[in-house]
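Student: build the 3D model from these lines:
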Amino acid sequence: MTTAASGDTVHVHYTGKLDDGSVFDASEGRDPLAFTLGGGQVIPGFDQAVDGMRVGESKTVRIPADEAYGTRRDELLIEVPTEQLPDDLEVEVGARLHMRGPDGGAVPVTVVAMHDEGITLDANHPLAGEALTFELQLVAIG
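Tutor: Residues are numbered from 1 along each chain as shown. Next up is the predicted model:
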């Protein structure tokens, strides 16, 4: 029986959970996730977990933060003074916004604090610093 190898297009059903057991994403009710194994399209630990699986095989794997979305980095907390905010900006803590990055591309950020002097934005991925557990099922190769 063929096993998934680097360069293969694989189709995977998955459920992703945090250490507290809460589900942060799942393919249930949708088509399986299709990606090229080893192509950098998914987090490294997910890629490694699928490598070598056989069609129909299921497994559960815990991926440490450094093989998922990385560790949280304090330098990605950004203080924006009130005078630099658009006059019509109405946000609350937890709101997702986009800033323009150095290359002109959109950088997603989360409002983590609001104060008289301005707001604090977090450019870390929302799952940065989290170990992730995935229940995987390889549905197809090719």
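Student: what residue ranges in this structure score low on pLDDT?
Tutor: Scanning the chain for pLDDT under 70 picks out 1.
Student: let's see it at 90
Tutor: For the chain, the stretches with pLDDT under 90 are 1-2, 82-91, 98-105, 107, 116.
Student: ok, residues contacting stretch 105-116?
Tutor: Stretch 105-116 has contacts (CB atoms under 8 Å, 6 or more residues apart in numbering) with 77-78, 82, 91-101, 119-123, 126. All C-beta spots, glycine's among them, are computed from the backbone N, C-alpha and C.
Student: of those residues, grab the buried ones for PyMOL.
Tutor: Typed into PyMOL, the line below selects the buried ones among the contacts of stretch 105-116, using 16 or more other CB atoms under 10 Å:
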select buried, resi 119+120+121+122+123
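Student: any idea how far apart the tips of stretch 14-30 sit?
Tutor: 10 Å (CA to CA, to the nearest Å).
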